[in-house]
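> Let me see the structure of the following:
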Amino acid sequence: MPRRAPLLSRDRIITAALFVAVIGWLLATEGSEGFGRDEGQYMRAGEHYWGWFEELGHNLRDGHPGRSFTAADIDRYWTDNAPDHPVVMKTLYGLSWRAFHRCTCLGPARGLHPIPVTGRHVTLPLFRRESTAFRFPAIVMAGLLAALVFRFARQLVAAPAAVAGAVMAVAQPHYFFHAPIACFDAPITTMAFAVGFAYWKSLTSARWGVACGVIFGIALGVKHNAWLMPIFLAGHYLWMRRGDLRRLRPPRVPLAFVSMAVLGPLVFFAHWPWLWHQPVQRTRTYLNRHLQHEHYNFEYLGRNWNMPPTDLDLKLLRSTFPWVSTALTVPVTTLALAGVGVLALARRRRNRPLTDDAGGVATLGPLEEAPSSLDRWLRPGRDVDRAPGAFIAVQTLGPLAVLAVPSTPIFGGVKHFMPAMPYLAVAAACGLAWLGGRLSRELRARHPTIRAGRAVVVLSALVCLPAVVETERSRPDGLSHYNMLAGGFAGGASLGMNRQFWAYCVLPILDWVNRHEAENPRMYWHDVIGDAQSMYKREGRLSLSVGDTGYGQPGVERSAMGLLVYEKHWALFEKYFWENYGTLRPTMIRDREGVPLVIGYQRPRPGN
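I've put the predicted structure just below:
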């Protein structure tokens, strides 16, 4: 018989396979998703940032690199989308576009680029669409998430359950919608998990304690969600060291927290050139931008929420938002397995694996001999149980609890607490491991000749199937999808749940726009911003002749045709069409399972 591969090598192969498979899945599907307001802005900003690197190359060649570091030159490129968001992902989007797009930039759409195109770009033309090249770093981050979830779960459960956990982390319709787009919500989900994983490893490894600070700094450079990560980790650490607190002995501050406090801000400052010349003032501006963020419109349980509620009953209703949204958007099989996993983790005895068949849990136990004082500080979890249940709990419940605060803006819906979802998937993997252990024992007791391990592999594949099918079914309208508890697309709409935001839904109707050449030069785009229109035109999906009459009622009055993105707070805008076009009948309706997503109107021609 051939020799079996070592366990470590097998896990590495599985990790790589998950990474590649998720990237392949997303690359095969991302082209069906349109461009929303934020994504169009981040693509534009990424191309601007590339312009700075391009100029830096010219200045290096000419022997004057200092010119690129003057305040004026930095501001010329890096003020785009500042102070809204830091620039790790936007820079990667711009660099990926420059490296991998198939250059047609000297063609008719040349003037639509945010920086001058001086010549044909020499690239490695991996992607036919420019938007795919922009989106590729986000897709890679999603592949990294699947790999990290597997590696973390593998410390708690056997390989089949860990693989299932990685699949369930990605196979969630709302996460899958966000995963391939050039925004920050899926990348910060990956980075939140990476920070948590690095902290977990730092409990027994000083090297990971240092790495945790660097990873946290990168997370700070992805999105402001990272500010909250140390709070969640501190909750777990205090629980894990609760014995010290009982003895009135304050636990030492672990190396990971010191590293996060020192290296995190340094990495954050180093990554963002916009901060360099006015670090204090501009950092304050960035922080205030999000601490004082405006409230956009969002529909939840039939109400339009655009301001923090003041009445007690509405505050209570508002506080249910993340819990209800999770229950109605995550695939039901994942939720059910996570529930079993919570029970399994709660029943787990200290320093013991979840099941006899879990595998890979040796690192959860304590040392046989007490560590030294220095060792206890550098590896602060080696002498106690690391409490994986508490760790998963704070990492899951923390982001949800923040969004439950009535004054927190909820305009982005599920995306704002997505960092909880990979840990929910790990809990589901723990539930699957517990069920698999029970199945293995039953099979061995009743049928000693049956290889129970194969049955567990089959069970792991079967529980992933509903989530994968549901995710595929939701495309490309993952924002509008709700699970079987809600009743799918129609059920979510009937419950008054948010249908979409920022006009991602218009891509399938561009052919309708293109066909009407007589009217489309006077096109009203409603919630589709100019950056998104430019990218559609650059990729040949939208005719260059299509115009834009502007925003609001004046834009409708000037238009010959237009569209309405169907959201509760936009209902008034349909009245503008009725009054100005003299008709109540839309020309085109794009829906999913009877739920309108975008409606098109044409002004009747004289004599019709």
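> Can you tell me the SS state at the residue nearest to the spatial centre of the chain?
Compute the mean C-alpha point of the chain, and by C-alpha atoms, centre = their mean the closest residue is Ala186, 1.6 Å away. Secondary structure of Ala186, reduced to three states by DSSP: H, G, I helix; E, B strand; the rest coil: helix.
> Number the chain from 799, please
In the new numbering, first residue 799, that becomes Ala984.
> check contacts around it.
Ala936, Met939, Ala940, Leu943, Tyr973, His976, Ala977, Pro978, Met1216 (C-beta atoms under 8 Å, 6 or more residues apart in numbering). C-beta coordinates here come from the backbone N, C-alpha and C atoms, glycine included.
> Wait, the third one touches Ala969, no?
No: between Ala940 and Ala969 no contact is recorded; they are 11.3 Å apart, counting by C-beta atoms under 8 Å.
> one step back: check the contacts of Ala984 and tell me the two furthest apart.
Pro978 and Met1216 (14.0 Å; C-beta to C-beta).
> of these two, who's got more company?
More crowded of Pro978 and Met1216, by other C-beta atoms under 10 Å: Pro978, with 26 against 23.
> ok, now how distant is the more buried one from Gly1353?
Using C-beta to C-beta, to the nearest Å, Pro978 is found at 31 Å from Gly1353.
> Name the nearest of the contacts of Ala984 relative to Met1027.
Comparing the contacts of Ala984 against Met1027 with C-beta to C-beta picks out Met1216 as the nearest, at 13.7 Å.
> Am I right that Leu1362 is in a strand?
Yes: Leu1362: assigned to a strand according to three-state DSSP.
> follow-up on the earlier one: quick one: which of the contacts of Ala984 is most hemmed in?
When neighbours are counted by other C-beta under 10 Å, Ala977 leads the contacts of Ala984 with 31 neighbours.
> Which pLDDT value belongs to the residue nearest to that one when sequence neighbours are not counted?
With C-beta to C-beta, 6 or more residues apart in numbering as the criterion, Ala977 has its nearest non-adjacent residue at 4.0 Å, and that residue is Ala940. Note for Ala940: predicted pLDDT of 98.
> re the thing from before, could you check how far the residue nearest to the centre of the chain is from Arg933?
Using C-beta to C-beta, Ala984 is found at 10 Å from Arg933.
> Quick check: neighbours shared by these two?
By C-beta under 8 Å, 6+ apart, the residues touching both Ala984 and Arg933 are Pro978.
> Run the chain-centre distance for the helix or strand bottoming out on mean pLDDT in the chain.
Among the helices and strands of the chain, helix 1171-1176 carries the lowest confidence by mean pLDDT, DSSP states H and E, at a mean of 79. Offset of helix 1171-1176 from its chain centre (C-alpha atoms, centre = their mean, to the nearest Å): 36 Å.
> For the following helix or strand past that helix, which helices and strands make contact with it?
Reading on from helix 1171-1176 to the C-terminus, the next helix or strand found by DSSP states H and E is helix 1186-1202. Counting contacts by 3 or more C-beta pairs under 8 Å, 6 or more residues apart in numbering; DSSP states H and E, helix 1186-1202 packs against helix 983-1000, helix 1027-1038, helix 1119-1127, helix 1130-1145, helix 1219-1244.
> Identify all contacting residues around helix 1186-1202.
Under C-beta under 8 Å, 6+ apart, the answer for helix 1186-1202 is 954, 990, 994, 998, 1023, 1026, 1029-1031, 1033-1034, 1037-1038, 1117-1121, 1124, 1140, 1143-1144, 1146, 1162, 1206, 1208, 1214-1218, 1221-1222, 1224-1225, 1228.
> now with 6 Å?
954, 994, 1030, 1033-1034, 1037, 1117, 1120, 1143, 1214-1215, 1217-1218, 1221-1222, 1224-1225 (C-beta atoms under 6 Å, 6 or more residues apart in numbering).
> Quick check: buried residues in that helix?
For helix 1186-1202, the neighbour count (16 or more other C-beta atoms under 10 Å) marks 1186-1202 as buried.
> SS state for Pro1207?
Recorded secondary structure, Pro1207: coil (three-state DSSP).
> So for the host helix or strand of Ala1265, what gets flagged as buried?
Using DSSP H and E, Ala1265 sits within helix 1250-1272. Residues 1250, 1253-1255, 1257-1258, 1261-1262, 1264-1266, 1268-1269, 1272 are the ones in helix 1250-1272 that count as buried (16+ other C-beta under 10 Å).
> And stretch 817-826, by the same measure?
Quick answer for stretch 817-826 (16+ other C-beta under 10 Å): Phe817, Val820, Ile821, Trp823, Leu824, Leu825.
> where's Thr1081 relative to Pro1063, distance?
Distance, Thr1081 to Pro1063, by C-beta to C-beta: 9 Å.
> okay, the helices and strands packed on helix 1186-1202 in TSV with distance to Leu1046 next?
Converted to TSV, the helices and strands packed on helix 1186-1202 look like this (distance: least, C-beta to C-beta, whole Å):
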stretch	distance to Leu1046
helix 983-1000	25
helix 1027-1038	14
helix 1119-1127	36
helix 1130-1145	28
helix 1219-1244	32
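> need the contact list for the closest residue to Ile937 other than its chain neighbours.
Leaving aside its chain neighbours, Ile937 sits nearest to Leu824 (4.5 Å; criterion: C-beta to C-beta, 6+ apart). Residues counted as contacts of Leu824 (C-beta under 6 Å, 6+ apart) are Ile937, Ala940, Ala977, Pro978.
> so after the host helix or strand of Leu824, what's the next helix or strand?
Following DSSP H and E, one finds Leu824 within helix 805-827. Toward the C-terminus, helix 805-827 is succeeded by helix 835-860 as the next helix or strand (DSSP H and E).
> Three-state assignment for Asp1325, please.
Using three-state DSSP, the structure places Asp1325 in coil.
> now the angle from the helix holding Ala1265 to helix 1119-1127?
Per axes from the mean of the first three to the mean of the last three C-alpha atoms, to 10 degrees, the angle that helix 1250-1272 makes with helix 1119-1127 is 100 degrees.
> angle of helix 1250-1272 against helix 805-827?
Orientation check (the same axes, to 10 degrees): helix 1250-1272 against helix 805-827 gives 20 degrees.
> Now the element after helix 1250-1272, going C-ward?
Downstream of helix 1250-1272, the first helix or strand assigned by DSSP H and E is helix 1286-1292.
> just to revisit the earlier point, so what's the residue nearest to Ala977 up against?
Contacts of Ala940 (C-beta under 6 Å, 6+ apart): Val820, Leu824, Ala977, Ala984.
> Export the residues you listed as TSV, with columns for distance to Pro1052.
Formatted as TSV, those follow (distance: C-beta to C-beta, whole Å):
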residue	distance to Pro1052
Val820	32
Leu824	36
Ala977	32
Ala984	29
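> so which pair among those residues is furthest apart in space?
Using C-beta to C-beta, the pair of the contacts of Ala940 lying farthest apart is Val820 and Ala984, separated by 11.1 Å.
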